Structure formats: structure tokens, C-alpha cells
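Fold the following and give me the result.
(one chain, ligands or ions: 1)
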Amino acid sequence: MGYGVQYMVCLALFTAEYFVQTPEWPHDAKIKDGSVFDFIVVGAGSAGSVVAARLTEVSQWRVLLIEAGGDPPVEAIVPGYSPSLQRSQYDWNYYSYQNQTGAAQKIPHVSPVAKGKVLGGSSSLNTMVYARGIFSNNFFYNDHIVQSVLDLNAEHEIFLYNFLILRPKSRGSVTIKGVGEEDDPIIRANAIYNPEDIFVLREGIKRIVNYITETKYYKHIGAKIFKMNLPQCDYFEFLSDDYWDCYCVNMLAMEYNQCCSSGMGRVVDEELRIYGTRRLRVVDASVMPSIPSGNLNIPTITIAERASDLIKHEHLGK
Ligand SMILES: Cc1cc2nc3c(=O)[nH]c(=O)nc-3n(C[C@H](O)[C@H](O)[C@H](O)COP(=O)(O)OP(=O)(O)OC[C@H]3O[C@@H](n4cnc5c(N)ncnc54)[C@H](O)[C@@H]3O)c2cc1C
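Numbers count the residues shown, from 1 in each chain. Predicted coordinates for the structure are as follows:
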């Protein structure tokens, strides 16, 4: 980032702080030894905040909400500024490790993983994108999206694309190393570990390139497909399948919509109780049984709403 841009960002943030009124966040409760609660919610993130708020609607219930982080700063509520909170005190500052076999050898072995350690959890760090997913497999969804982007670009004659694998076949894992505060979980990303994921990316890129090079506008201005400076891929013929595979591996970036590590049907039952327990539920993005085709904040909040209803129904019978 150049100094000029940094200066602009500082100035804009100053303006945002001046005009945006930071909400008054809930005060910490003073808990005495021996206090008794009907419900203990661990984590005031997207899901935990909703569950705690819904349970406190029942006036006779005492609910304790425990959050490891503090109050969010102004950047958390101004759209566009939250990326500056990554690798800060508001982030758990985890790392993920990449399994380095096959194509994935080229991906850095260790990458930062952002997770909110603050009131609001990851929703205080997130980019506030709401994407509505659809029931479908990768190809259908990609087709749908690709067509809309092509139509849009045909109108506006701009060519900028980002490819997302919505339903990756590669699977990561999270392993607990210990229960101490210093014992970060071991997160294995294993991105594009399954060759089918590179295939999806490559075929998507080829489709767009084929389309662009056939447009009247492209031909009219004599445009050329820009060759990125990727010496690693110089061995391969430009625009060939091998070239695109190499390109995908070297240009890959990971999104922050991890889920499904305590999937329903595997770790929790249909009412989100951990198998073998009666009073312990998991309510967060991890209980999704499979990866949805979209960002996860709203689906997580929806799960929390449903879980709150289930808990109320169980204890109040309505
Ligand atoms: C950088 C980033 C960008 C994103 N962008 C988008 C986006 O644009 N749109 C979208 O829909 N989704 C986005 N997401 C994803 C979305 O925000 C998350 O999927 C969602 O917030 C997850 O909610 P959760 O309740 O499962 O976990 P979280 O919101 O992460 O909540 C977990 C909470 O538990 C607390 N906690 C953990 N351990 C303890 C403990 N031992 N004691 C007490 N508290 C504890 C944490 O501090 C945290 O507050 C993004 C995520 C990130 C990280």
C-alpha cells in the first residue's frame, strides 16, 4: 500500500469516527462466586449473541453470556473498514496449515486465519456481504453466476473476475491441542487438495476467457489477455490447461466462511445437542451438515434463531 493511499484511509477513518456514533455496548455483569444460571452461552459471536438475546426474553430465566473478547471498535460497524481488524487484538490470530502434496505444494504452508475475538465475534470482523445461496451443485451455480456476470459485463464492457469454489471437494480439519488459553487449535486448510477443485476453477476461467476474446469490444480495441508475471508457470504454454492449473494454484486466496466441523448428524443431533449429552448444545457455523453456496453470517444467525426456539420449546413446552 502506498503512502498516499494510507493517508486517504486514515483520513476516511477519522471522518468515520467523527460521524459514526459507536453504540453503547452491553456492560459487563458483576458475577459473584456461587451464582446460579439457567443457561450459559459461551461466545457472543453471530450465533451466541442471538441465543442469549432470545433466551433473556423469558423473564424468569437467568442467562450468562461469556465472551473472551471486549467491545468492538468503530471499524467494526463502518462497512469496508473491518479488514483492518484482522491480525489485531480483536482477532484470535490463528494460522492454518496447508497439506503440501500434489498441486497444493505451491500454497504457503502457513496462512493467517481471521476469527473474531470481540463482542459480535467474526461478524464484527466480517465484510458484511450478504449472499443468498441456492440449492445446487457447483456447476449449476457457477453457470448461473457466470451468465449473470457475462451479461453485466457485456453491458458495461469491463472485465474483472474473481472465481469462488462454492462447494469445494477438499476438506480441512480442526484439532484441539489442549485446553489452555495458549493452546491454539491446529487448523488444517488443505485447500485445493482434491484435484476436482482445480478443475472447477480452471474450467470457469477458460469459459470466461473464451467468452471475452469473442466479444466485439475485445476485438475492436485489439485487447490481449494479460499474462501475469508468474515465473513458476512459464514452463507451460500460455492459456493451456497446465498453465491455468498453475495459475490457480499460485493465485489462490482463501475466504473466511469455515463451517461444518461439528456437523448435524455427525457431532450434534437434529436439535443441536451433542450426541451422548442432554444439556449441551453447539449453536454456530460448525453445525452445518454441508457447505452452503454462500457467505455464512446470516445462515448462522438463522440457526441461532431456530436453536433458541427449540430450547424455549423444550423448557416451556411452547
Ligand atoms: C474476516 C471475515 C470476513 C467474513 N466476511 C463475511 C461476509 O462478508 N458475509 C458473511 O455472511 N459472512 C462473512 N464471514 C463469516 C461469518 O462472519 C461467520 O461465519 C460467522 O460470524 C460465524 O459465527 P459463529 O457464531 O459461528 O462464530 P463467531 O462469530 O466467530 O463467534 C464465536 C465467538 O466465541 C468467542 N469465543 C471463542 N472461544 C471462547 C471461549 N473459550 N470463551 C469465551 N468466548 C469464546 C469468540 O471470541 C467469538 O466472539 C466472514 C468471517 C471473517 C472472519
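
Smallest distance to the ligand belongs to which residue of this structure?
Nearest to the ligand, among the residues of the chain, is residue 45, at 1.7 Å (CB to the nearest ligand atom). To be clear about C-beta, it is placed using only N, CA and C from the backbone, and glycine gets the same treatment.

Would you enumerate the residues in contact with that residue?
116, 120, 121, 122, 123, 284 (CB atoms under 8 Å, 6 or more residues apart in numbering).

I'd like these laid out as TSV, including distance to residue 258 and neighbour count.
Below are the contacts of residue 45 laid out as TSV (distance: CB to CB, whole Å; neighbours: other CB atoms under 10 Å):
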residue	distance to residue 258	neighbour count
116	12	28
120	17	22
121	13	28
122	9	24
123	14	22
284	11	25
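
can you name the two of those that are farthest apart?
Using CB to CB, the contacts of residue 45 reach their maximum pairwise distance at 120 and 284, which is 13.2 Å.

got a list of what residue 57 touches?
With CB under 8 Å, 6+ apart, residue 57 has no contacts at all.

On the three-state scheme, it is what?
Classification of residue 57 using DSSP: H, G, I helix; E, B strand; the rest coil returns coil.

where does it fall, phi/psi-wise?
Main-chain dihedrals, residue 57, degrees, to the nearest 10: phi -70, psi -20.

what about it, distance to residue 274?
To residue 274, residue 57 is 25 Å away according to CB to CB, to the nearest Å.

now residue 265
Distance of residue 265 to residue 274, computed by CB to CB: 12 Å.

go on, residue 86?
Residue 86 sits 31 Å away from residue 274, going by CB to CB.

try residue 92
Noted for residue 92: a distance of 22 Å to residue 274, by CB to CB.

Ok, residue 180 next?
For residue 180 relative to residue 274 (CB to CB), the value is 22 Å.

Looking at those two, which is more packed in?
Between residue 180 and residue 274, counted using other CB atoms under 10 Å, the more crowded position is residue 274 (15 against 7).

Using the three-state scheme, assign residue 95.
Here residue 95 is strand, with the state taken from three-state DSSP.

tell me the contacts of it?
By CB under 8 Å, 6+ apart, the neighbours of residue 95 are 110, 111, 112, 113, 184, 187.

Where neighbours are concerned, which of those residues has the most?
residue 113 (21 neighbours).

partners of that one in the sheet?
Beta-bridge pairing for residue 113 (DSSP bridges): residue 94.

Any residues of this structure in contact with the ligand? List them.
By the rule CB under 6 Å from any ligand atom, the part of the chain lying against the ligand is 42-48, 66-69, 86, 114-117, 121-123, 125-129, 256-257, 284-285, 295-298, 300.

Narrow those to those in helices?
Judged by DSSP state H, the subset of the residues of the chain next to the ligand located in helices is 46, 47, 48, 297, 298, 300.

starting at the chain centroid, how far to stretch 56-76?
The chain centroid and the centroid of stretch 56-76 are separated by 22 Å under CA atoms, centre = their mean, to the nearest Å.

Give me the distance between the two termini of stretch 180-192.
End-to-end span of stretch 180-192 (CA to CA, to the nearest Å): 32 Å.
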